[in-house]
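just coords:
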């Protein structure tokens, strides 16, 4: 097989037949296949199977009942199924014109690069298919932010946010990938040093259906970007930052209501300890829960440590307020910041540590494990 074309889909039934028709025409003279990795809740899987019956090239379907890793996870799953090591990834809405496939494949065949990116922002490429001027600006700003955060890895990539690219899967160690969103190319480029070439293309309008872009996707992108650049510690910092803001606001509000600042600090600490644990379970250490102790044990460790830390921190707050005449809110904020690294150390190495095999010690040194959790997979 010369080329395996991976198309992640979510509720794209009206686009399937036209996509297969145009891909078939674009790949004449190649040995190509199409692999749909589908997370849909409509009749998209049935439509793919109908189209596959009379398609001139092989069309395969993997329908996932559990959409693990989102669109990025779908692409990785498609690569595992591919007959060819040369994998082309494209969306199922025809905003990525299949007519560009021969040029992308030909550039890849030269053998001097690992990835060929179809770029909206190089040469005569365009982003005309974005719905409105606001989305154009959001796209350009997010691209600029991403390139600024990865100045080495992305120095030769004008459009790391595109979903249209060709990659030699042999150049990727997919065990290092942790797809959690829809920007899988960014995930690949940030985690692995690769040789990259770009080919300009015109980003078209959708053939049918509605855009999946949303504020929620934007938030997922920011979380993904932070995790890629700084590793797990960045997610821990985001959760801790939200907890700190909530803590300060609770203290401020209760003090304004006449509550003693120490009592207010205790109430704020207990509320945010519980809330932070729930957020860490969902967003920070979700990939480590399977090998760690049970949730009740994790909560007990986290709750006990954070309360012990609060017992140490609150007298310091009292000194700053009573002795140094700081405001209660500022004293709380400063001491929470100082406690951040100790909290991360405890949670990464104790709360979510893999269960110790009976009679055996963990083989990874503590400092090595802390370093891995803190910075992997950021750009060193």
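Thanks, I have the structure now. Fair warning: this is a prediction, and the values are worked out from it, not measured in the lab. Numbers count the residues shown, from 1 in each chain.

check the secondary structure at residue 289 for me.
What DSSP: H, G, I helix; E, B strand; the rest coil gives for residue 289 is coil.

that one contacts residue 353, correct?
No - contact criterion C-beta atoms under 8 Å: residue 289 and residue 353 do not qualify, at 11.5 Å. Where you see a C-beta, it was placed from the backbone N, CA and C, and this is true even at glycine.

who has more neighbours, those two?
In this view residue 289 and residue 353 are compared by other C-beta atoms under 10 Å, and residue 353 has more residues nearby, 19 against 15.

that one - nearest residue in space that isn't next to it in sequence?
residue 292 (6.4 Å; C-beta to C-beta, 6 or more residues apart in numbering).

just confirm that neighbour contacts residue 302, I think it does.
No - between residue 292 and residue 302 there is no contact under C-beta under 8 Å: 11.2 Å.

for this protein, which residues score under the pLDDT cut-off?
Applying pLDDT under 70 to the chain flags the ranges 128-136, 176, 178-182, 205-221, 223-224, 226-231, 356-380.

where along it do the helices fall?
Along the chain, counting by DSSP state H, helices occupy 16-26, 44-53, 70-81, 101-109, 133-149, 184-191, 215-230, 232-256, 261-279, 295-318, 328-346, 366-375.

hey, which of those helices is tucked in deepest?
helix 184-191 (a mean of 24; mean count of other C-beta atoms under 10 Å).

roughly how far out does that one sit from the chain middle?
Distance of helix 184-191 from the chain centroid (C-alpha atoms, centre = their mean, to the nearest Å) equals 10 Å.

could you do stretch 139-152 as well?
15 Å.

ditto for stretch 57-70
On C-alpha atoms, centre = their mean, the centre of stretch 57-70 falls 19 Å from that of its chain.

got the contact list for that stretch?
Residues outside stretch 57-70 that contact it (C-beta atoms under 8 Å, 6 or more residues apart in numbering): 10, 20, 23-24, 27, 32-40, 45, 48-49, 51-52, 73-74, 76-78, 81, 178-182, 220.

and it, what's buried?
Buried positions in stretch 57-70, judged by neighbour count with 16 or more other C-beta atoms under 10 Å: 57, 59, 60, 61, 62, 67, 69, 70.

so can I have JSON lines of the residues you listed showing distance to residue 312?
Shown next, in JSON lines, are those (distance: C-beta to C-beta, whole Å):
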{"residue": "57", "distance to residue 312": "66"}
{"residue": "59", "distance to residue 312": "62"}
{"residue": "60", "distance to residue 312": "58"}
{"residue": "61", "distance to residue 312": "57"}
{"residue": "62", "distance to residue 312": "52"}
{"residue": "67", "distance to residue 312": "43"}
{"residue": "69", "distance to residue 312": "39"}
{"residue": "70", "distance to residue 312": "40"}
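
go through those residues and flag which are in strands.
59, 60, 61, 62 (DSSP state E).

picking that back up, can you tell which of the helices of the chain is closest to residue 6?
helix 70-81 (3.5 Å; C-beta to C-beta).

what is the distance between the closest one and the centre of its chain?
Relative to its chain's centre, helix 70-81 lies at 14 Å (C-alpha atoms, centre = their mean).

now stretch 308-324
38 Å.

what's the domain layout of this structure?
3-212, 231-375 (automatic domain parsing).

now distance to residue 225 too, for those domains, in TSV please.
Listed next are those as TSV, based on distance: least, C-beta to C-beta, whole Å:
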stretch	distance to residue 225
domain 3-212	6
domain 231-375	9
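
what about residue 346, distance to residue 17?
From residue 346 over to residue 17 the distance is 55 Å, taken as C-beta to C-beta, to the nearest Å.

what about residue 282, neighbour count?
When neighbours are counted by other C-beta under 10 Å, residue 282 registers 11.

distance of it from residue 239?
9 Å.

roughly how far is stretch 100-109 from the heart of the chain?
28 Å.

adjust the sequence numbering to begin at 34 for everything that follows.
New numbering, starting at 34: the last item is stretch 133-142.

who's in contact with it?
For stretch 133-142, the external contacting residues (C-beta under 8 Å, 6+ apart) are 35-36, 38, 56, 59-60, 63, 119, 121, 146, 149, 151, 197-199, 201, 230, 232, 234.

write the ChimeraX selection for whichever of those residues are buried.
The ChimeraX command for the buried members of the contacts of stretch 133-142 (criterion: 16+ other C-beta under 10 Å) is given here:
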select :36,38,56,59,60,63,119,121,146,149,151,197,198,199,201,230,232,234
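
what about the contacts of stretch 133-142, which are in strands?
Among the contacts of stretch 133-142, the members found in strands (DSSP E) are 36, 38, 119, 121, 149, 151, 198, 199, 201, 230, 232.

what is the nearest of those residues to residue 221?
Out of the ones in strands among the contacts of stretch 133-142, the member with the shortest distance to residue 221 (by C-beta to C-beta) is residue 198, at 8.5 Å.
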